[in-house]
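Participant: turn this into a structure:
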Amino acid sequence: REDLVNATSGFAETYYDYLFNNPDIAEVLYSFERSGGDAGSLIRAEMGGMLGIVINPSDTTLQTKLLMAGCALREHGFRPLWIVASYNLLINFISENLPGLDISFADKETLRSVTARLLLRSLGLTLEGFWQSDHESLEKEMRYFEKELGTVEDLLSGIPHYVWSVDIDSNRVIYANEALQTMYTENLVAPVPCLADTVDEDQPQLLDAWQTAVSGRRSSAEVRISLAGAGQHWYRVSMFPSLGRNKQRPVQVHCILEDINHLISERKLLEQLATTDKLTQLPNRALWNEHLNMALAASRRIPGSQVVVISIDINQFKMYNDTLGHAVGDVLLRDVADRLNSIVRESDSLARLGGDQFGILMQPANSTRAAADRVITQILDSFDSPFSSCDKQLCVNLTMGVACFPDDGTNEESLLTNAESAMHRAK
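Facilitator: Okay, the predicted model is just below:
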């Protein structure tokens, strides 16, 4: 734990830079200050929650604190994406500082893996608190509107979604809120008025959701729709069956159509953040490990096939990074990634594993080792040419370690460990 605490020292400065260099987050913090709040206290509390699992993992109240932190962040106007990005920043910060710790390579990898899992759990709890608070707030608003507006009709006509109800026996739309009636001025087609405007390949999902609702279970589907000829958006259709007086079977289905285009975009961005190295835009270690496990599974089904893992380290990177600055170091990492990417085959996977370390995964084939020798030769030859930066010629050479399945390891962990050990021995 002491080593891990050391690895997080200095994170405060990185975290403050991230918050105040993002205009949207900075505006939320300044607004909080203008309303009489203390942005510094808010930031320190959030950072304390993030680092809690590192500094004091035995704290039995940590789960409650994280749930409360998520609630507080929502109340102050934070977005879920900002919370995810903050934890991603901390995970990357720890990963980049682990090489400087005076512990064994195996311990560093164990620490990297365990820390990532613990921080992702903390992230989940914080987001759970956020959405619980959001749900409670929505419920309060619903109760308020029901009381103030007096009728369900007024309430439904005021929400920014399309709402309708279908009588199952007659297959007829018996209610549609004003937004839906305005969209479809002619007769509403039951059971799903927007079915014809739905992308063809998504229509079966809508019909399956309807059949599920008719059977008495709530259902939903996320589909692409061009409402009334407008641009194509992602929508979520939620269906809620309503039982008749005998409580034996549903007689009506109440449906809500909501635009989730922004959620889909954020989801794609979150997936990219979780699997892509921000600096080089290459797959990160997590995605590369998934590719490696899939390649091993495929190789086991093909007798005699091989999988090759190549671990690569930039020998002069620390010198250039320390003497010329981090900006030059970042440019050098991107240039090295581009040069490696121009050499590896389309079927192979190149990733940045952290710091100045890259990895190449060569997919299963009977002659993979021979192909690896050719790729390694091409890489070494290509790095005879220096890189240009700030009117300087930066000469770079690499150290590589190779491990081959099944000779040098039978699983992802042993292959990568043996490849990195070979690399360190060569270095």
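
Participant: pretty sure Leu333 is touching Gln357, no?
Facilitator: No - counting by CB atoms under 8 Å, Leu333 sits too far from Gln357 to count as a contact (10.4 Å). Yep, even glycine has a C-beta here, placed from its N, CA and C like the rest.

Participant: quick one: distance of the one helix or strand Ala403 maps to to the chain centre.
Facilitator: Per DSSP states H and E: Ala403 is located in strand 398-405. Mean-position distance between strand 398-405 and its chain equals 29 Å (CA atoms, centre = their mean, to the nearest Å).

Participant: same question, stretch 107-125
Facilitator: 15 Å.

Participant: and the contacts of it?
Facilitator: The contact list for stretch 107-125 (CB atoms under 8 Å, 6 or more residues apart in numbering) reads 3-4, 7, 49-50, 52-54, 57, 62-63, 66-67, 70, 83-84, 87, 90-91, 94-95, 98-99, 101, 103, 286, 354, 417.

Participant: tell me which of Leu333 and Gln357 has more neighbours.
Facilitator: Per other CB atoms under 10 Å, whichever of Leu333 and Gln357 has more neighbours is Leu333, with 21 against 17.

Participant: where in the stretch 201-350 of the chain is pLDDT low?
Facilitator: 246-247 (pLDDT under 70).

Participant: which parts of it are strands?
Facilitator: 219-225, 233-243, 250-259, 306-314, 349-354 (DSSP state E, counting those that start in this stretch).

Participant: now the stretch 1-150 of the chain
Facilitator: Going by DSSP E, counting those that start in this stretch, the stretch 1-150 of the chain shows no strands.

Participant: quick one: the top helix by length along the chain to chain centroid distance?
Facilitator: Secondary structure assigned by DSSP state H gives helix 105-149 as the longest helix of the chain. Mean-position distance between helix 105-149 and its chain equals 14 Å (CA atoms, centre = their mean).

Participant: and the angle from that helix to strand 349-354?
Facilitator: For helix 105-149 against strand 349-354, the angle by axes from the mean of the first three to the mean of the last three CA atoms, to 10 degrees is 90 degrees.

Participant: quick one: mean pLDDT over the strand holding Ala403.
Facilitator: In this model, strand 398-405 carries a mean pLDDT of 93.

Participant: so which other helices or strands are in contact with the helix or strand following that strand?
Facilitator: Next helix or strand after strand 398-405 toward the C-terminus (DSSP H and E): helix 412-426. Applying 3 or more CB pairs under 8 Å, 6 or more residues apart in numbering; DSSP states H and E, one finds that helix 412-426 contacts helix 105-149, helix 285-300, strand 306-314, strand 357-365, strand 398-405.

Participant: name the residues of helix 412-426 that come out as buried.
Facilitator: Glu412, Leu415, Leu416, Thr417, Asn418, Ala419, Glu420, Ser421, Ala422, Met423 (16 or more other CB atoms under 10 Å).

Participant: and the pLDDT for the last one?
Facilitator: Read that as Met423. 92.

Participant: how close does it sit to Leu120?
Facilitator: 28 Å (CB to CB, to the nearest Å).

Participant: go on, the fifth one?
Facilitator: Separation of Asn418 from Leu120 (CB to CB) stands at 27 Å.

Participant: and stretch 370-378, C-alpha only, in PDB?
Facilitator: Once non-C-alpha atoms are left out, stretch 370-378 reads as follows in PDB (Å, rounded to 0.1, in the frame of the first residue of the first chain):
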ATOM      1  CA  ALA A 370       8.900 -17.000 -39.500                       C
ATOM      2  CA  ALA A 371       6.600 -14.000 -40.200                       C
ATOM      3  CA  ALA A 372       7.600 -12.600 -36.800                       C
ATOM      4  CA  ASP A 373      11.300 -12.800 -37.800                       C
ATOM      5  CA  ARG A 374      10.500 -10.800 -41.000                       C
ATOM      6  CA  VAL A 375       8.500  -8.200 -39.000                       C
ATOM      7  CA  ILE A 376      11.300  -7.800 -36.500                       C
ATOM      8  CA  THR A 377      13.900  -7.300 -39.200                       C
ATOM      9  CA  GLN A 378      11.700  -4.700 -40.900                       C
END
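
Participant: what distance separates that stretch from the centre of its chain?
Facilitator: 34 Å.

Participant: repeat for stretch 244-260
Facilitator: With CA atoms, centre = their mean, you get 34 Å for stretch 244-260.

Participant: quick one: residues in contact with that stretch.
Facilitator: Residues outside stretch 244-260 that contact it (CB under 8 Å, 6+ apart): 160-169, 174, 180, 191-192, 194, 210, 213-216, 222, 225, 233-243.

Participant: can you give me the angle the longest helix of the chain makes with helix 412-426?
Facilitator: Using the same axes, to 10 degrees, helix 105-149 lies at 130 degrees relative to helix 412-426.

Participant: what's the angle from helix 105-149 to helix 285-300?
Facilitator: Going by the same axes, to 10 degrees, helix 105-149 makes 110 degrees with helix 285-300.

Participant: among the helices and strands packed on helix 412-426, show me which one is buried the most.
Facilitator: Mean neighbour count (mean count of other CB atoms under 10 Å) peaks for strand 306-314 among the helices and strands packed on helix 412-426, with a mean of 24.

Participant: partner strands of it and their direction?
Facilitator: strand 357-365 (antiparallel), strand 398-405 (antiparallel) (DSSP bridges).

Participant: now those strands as TSV including distance to Ala45?
Facilitator: Output for the strands paired with strand 306-314, formatted as TSV (distance: least, CB to CB, whole Å):
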stretch	distance to Ala45
strand 357-365	35
strand 398-405	44
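
Participant: for Tyr320, which of these is the nearest?
Facilitator: Minimum separation from Tyr320 across those (CB to CB) falls at strand 398-405, 13.8 Å.

Participant: list of residues touching that closest one?
Facilitator: So strand 398-405 is contacted by 296, 299, 306-315, 368-369, 372, 376, 379-380, 383, 409, 415-416, 418-427 (CB under 8 Å, 6+ apart).

Participant: using CSV, list the CA coordinates for it.
Facilitator: Only the C-alpha atoms of strand 398-405 are listed here, as CSV (Å, rounded to 0.1, in the frame of the first residue of the first chain):
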residue,chain,number,x,y,z
LEU,A,398,14.4,-0.5,-29.7
THR,A,399,14.8,-3.6,-27.5
MET,A,400,12.4,-6.4,-28.3
GLY,A,401,11.5,-9.6,-26.5
VAL,A,402,9.6,-12.5,-28.2
ALA,A,403,7.4,-15.3,-26.8
CYS,A,404,5.6,-17.9,-28.9
PHE,A,405,2.6,-20.0,-28.0
